[in-house]
Each structure stands twice: as C-alpha cells, then as structure tokens.
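Undergrad: Have a look at this fold, sequence not included:
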C-alpha cells in the first residue's frame, strides 16, 4: 500500500525522513499492533507491502514530531478469501499422521475426520464426520475441472465411502485405512465426485 503525507499548513509533501508506521488490528487483544515503520522519501511517499493470512484491518500512523501530534488514517479493511492453496497447505501439514477409526485430529485421523479437520482449520468450513454426507457440501465440479484443494469423495454406486483432498495430477491427500498414514496417494477409483468447498 502506498503512503503519502502532506504538511497540513502548506498542502505540500511532508519532509523527507518523516516517520510513519503500519499497524494491524488484533481481534484477540482488541488493540492495534505495529507491524513496520518507514521514513518518507523527499516526495512525501513510501510503500508498505502486506500479505495478510486472514481478514483484518490496517491503518497508517504518523508518529508525530516537534510540530504535530500523532495521528492516523481511517482503518482499511482487507478481506482474505480462503483458497485451494491454503487448504492444500493445511492438508500437507498432517502428512505422516496415523489412521485411526473415528479420529478427527490433530494427532490421528480417519478419512472424513481428516477432510473435516483440514477444511475447518484452513477455511473455517464445517463438514460432517462422514464421507457420504460430505459429498453433499460445496458445489459439484467436473473431474476435468478439479483443482488442488477440492474435496474428493470416492463412492460405491452413489454412496460416499472415502474422502480426500485433491492434490492435482490424479492424486489426493487422504487418510486411507487402518495401518496407513496420511499422505499423497493415487485416486484408485474412477467412481468419485469432486466438490468445491472454497
């Protein structure tokens, strides 16, 4: 985001080396937290680069000097939409965890417990703890349009028997069966549906 500060007396750019700060709102502590400070260039400008991981607010603060009191801009609200990449990153985080029937993490998972946990952590999406029920969530996507982060539900007839998270190239992250661990595995069946959750 670009920062520009003007001298209120003259309307001209503030002097070089004027200090400004970027602050982010913390919902947990209900306070503004300083993220970075910069000095302006001679033209009264500078830039802050931000990469928020969740929806939040930012403001720019003029820290004050001998002539002026500290002041700040109105908050800038930034909405972060969950993406398939974020889901995939969360799915990878649990590779190696053991399969356990009825488990929904974070130390062990069954198949639908794994997908339920990953979507809740990565995107705040609530899914039921049953593969057959999960195939009714999100929206249907054709197999050819599947993208990493989509939900895969393997079926027997029309009944969902297994769930995983699409990894691309015909693979998915899943917790397959007793005696195995969460990992990236080939989608072994042709009878599956793709659901876009985020």
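TA: Noted; the coordinates are in hand. Quick caveat: nothing in here was measured; it's all calculated off a predicted structure.
Undergrad: Which strand residues bridge residue 77?
TA: Note on residue 77: beta-bridge partners by DSSP bridges are residue 57.
Undergrad: burial measure for it, as a count.
TA: Neighbour count of residue 77, defined by other Cβ atoms under 10 Å: 10. The way it works is simple: take the backbone N, C-alpha and C, and place the C-beta from them, glycine included.
Undergrad: so residue 99 sits right up against residue 181, yeah?
TA: Yes - Residue 99 is within contact range of residue 181, at 6.6 Å (criterion: Cβ atoms under 8 Å).
Undergrad: what is in contact with those two at once?
TA: residue 175 (Cβ atoms under 8 Å, 6 or more residues apart in numbering).
Undergrad: of the two, who's got more company?
TA: residue 99 (20 against 14).
Undergrad: Next up, the contacts around that one.
TA: Shown in contact with residue 99 (Cβ under 8 Å, 6+ apart): 108-111, 175-182.
Undergrad: do that again at 7 Å, thanks
TA: Taking Cβ atoms under 7 Å, 6 or more residues apart in numbering as the criterion, residue 99 is in contact with 109-110, 175-178, 180-181.
Undergrad: what's across from the residue nearest to residue 188 when sequence neighbours are not counted in the sheet?
TA: Nearest residue to residue 188, sequence neighbours excluded (Cβ to Cβ, 6 or more residues apart in numbering): residue 154, at 7.7 Å. With DSSP bridges as the criterion, residue 154 is bridged to residue 162, residue 192.
Undergrad: So for residue 154, what's the pLDDT?
TA: You'll see residue 154 listed with a pLDDT of 98.
Undergrad: Please identify which of the contacts of residue 99 is nearest to residue 36.
TA: Minimum distance to residue 36 across the contacts of residue 99 is 38.4 Å, recorded for residue 109 (Cβ to Cβ).
Undergrad: Count the residues that sit near the closest one.
TA: By the measure other Cβ under 10 Å, the count of residues near residue 109 is 26.
Undergrad: need the contact list for it.
TA: Taking Cβ under 7 Å, 6+ apart, we find residue 109 in contact with 97, 99, 103, 117, 175, 182.
Undergrad: Show me what the helix or strand where the fourth one lies is packed up against.
TA: Here residue 117 sits within helix 111-123, counting by DSSP states H and E. In this structure, helix 111-123 packs against helix 84-93, helix 131-134, strand 159-168, with contacts taken as 3 or more Cβ pairs under 7 Å, 6 or more residues apart in numbering; DSSP states H and E.
Undergrad: Which parts of the shortest one count as buried, going by neighbours?
TA: If I follow you right, that is helix 131-134. The neighbour-count check on helix 131-134 (16 or more other Cβ atoms under 10 Å) flags 131-132, 134 as buried.
Undergrad: what does it contact?
TA: With Cβ under 7 Å, 6+ apart as the test, helix 131-134 has contacts from 111-112, 115, 127-128, 151, 153, 159-163.
Undergrad: Likewise for the first one?
TA: Outside of helix 84-93, the residues that reach it under the criterion Cβ under 7 Å, 6+ apart are 118-119, 121-123, 147-150, 165, 167, 173, 198.
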